[in-house]
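Colleague: any chance you could fold what I've pasted below:
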Amino acid sequence: MSILTTERLRLEPYAIAHLDGLNRMNADPEVMRFISGQPETREQTLAIIERIMVRWTELGYSWWSFVERESGEIVGAGCIQNLRRSESPQPDPACPLEIGWRLRRDRWHQGLASEAALAMTAFAFGTLHAPDLYAVCVPENLASSTVMKRLGMHDRGLDTWYGKEMATYSMTAAQWREREAQRA
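Modeller: A predicted model of the protein is given here:
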């Protein structure tokens with residue numbers, strides 16, 4: 001399991017020790033508005049953590065908790081996972097890899113999502129050797145689509161993922177390498 005670090009964050013694979021911090025974030029209706037539309041209970045968060053821990057073991061990638069290096073608090077979460085056409089919680093290896101993120105509301109608009117997304121993208125293309133990477137959000141989630149564009153992802157229009165019509169963005173490994181060479 002891979003721990004990633006950025007200037008302000010340590011991305012740690014989901015663990016039971018993250019339960020309180022993840023649940024505090026996922027119980028906020030505003031954080032969950034564009035994800036599930038409903039706040040999570042502590043039991044739901046625990047079940048998700050347990051399922052994600054298995055995925056890390058089986059696949060070598062899944063969800064990270066974003067731990068703020070300065071405070072030690074969980075301030076967000078993000079993933080590299082396989083997209084799914086349906087709402088099933090089971091990964092679909094036939095679908096491309098997806099990057100995703102969410103932040104605690106008090107950490108919105110501070111650049112943390114972009115910072116974490118850069119590290120997760122580097123993991124997807126560097127460690128996993130993904131040929132491409134997708135990101136999806138409900139069309140109204142302008143904050144997430146802004147992060148997707150900042151990453152250099154290209155708008156693919158609307159497509160059906162997780163049983164819903166979603167704004168879909170993607171980039172190839174070659175596009176990522178070219179972008180990284182320009183940033184260096």
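Colleague: what does the model give Met1 for pLDDT?
Modeller: We have a pLDDT of 68 for Met1.
Colleague: next: Phe123.
Modeller: For Phe123, the model assigns a pLDDT of 97.
Colleague: assign it to helix, strand or coil.
Modeller: At Phe123 the chain is in helix, as set by DSSP: H, G, I helix; E, B strand; the rest coil.
Colleague: buried residues in the top helix by length along the chain?
Modeller: Determined from DSSP state H, the single longest helix within the chain is helix 42-59. Buried residues in helix 42-59, defined by neighbour count with 16 or more other Cβ atoms under 10 Å: Thr45, Ile48, Ile49, Ile52, Met53, Arg55, Trp56. All C-beta spots, glycine's among them, are computed from the backbone N, C-alpha and C.
Colleague: cool, and stretch 157-166?
Modeller: Of the residues in stretch 157-166, Trp161, Tyr162, Met166 count as buried by neighbour count, 16+ other Cβ under 10 Å.
Colleague: how far out from the middle of the chain is the longest helix of the chain?
Modeller: Here helix 42-59 is found 15 Å from its chain centre; the criterion is Cα atoms, centre = their mean, to the nearest Å.
Colleague: what's the nearest residue to Cys95 if we skip its chain neighbours?
Modeller: In space, and not counting its chain neighbours, Cys95 is closest to Leu83: 4.2 Å by Cβ to Cβ, 6 or more residues apart in numbering.
Colleague: does anything pack onto the element among helices and strands of the chain having the smallest mean pLDDT? Which helices or strands?
Modeller: Scoring the helices and strands of the chain by mean pLDDT, DSSP states H and E places helix 173-183 at the bottom, with a mean of 90. Counting contacts by 3 or more Cβ pairs under 8 Å, 6 or more residues apart in numbering; DSSP states H and E, helix 173-183 packs against no other helix or strand.
Colleague: coming back round to it: can I get the buried residues of helix 42-59 in CSV with distance to Pro131 and pLDDT?
Modeller: Formatted as CSV, the buried residues of helix 42-59 follow (distance: Cβ to Cβ, whole Å; pLDDT from 0 to 100):
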residue, distance to Pro131, pLDDT
Thr45, 33, 97
Ile48, 28, 96
Ile49, 29, 97
Ile52, 24, 95
Met53, 27, 96
Arg55, 20, 93
Trp56, 22, 95
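Colleague: which of those residues sits closest to Ile35?
Modeller: Nearest to Ile35 among those is Ile48, at 11.5 Å by Cβ to Cβ.
Colleague: before we move on, the earlier item: what's the burial count for the residue nearest to Cys95?
Modeller: Using other Cβ atoms under 10 Å, Leu83 is surrounded by 20 other residues.
Colleague: same question, Ser36
Modeller: Ser36: 12 neighbours (other Cβ under 10 Å).
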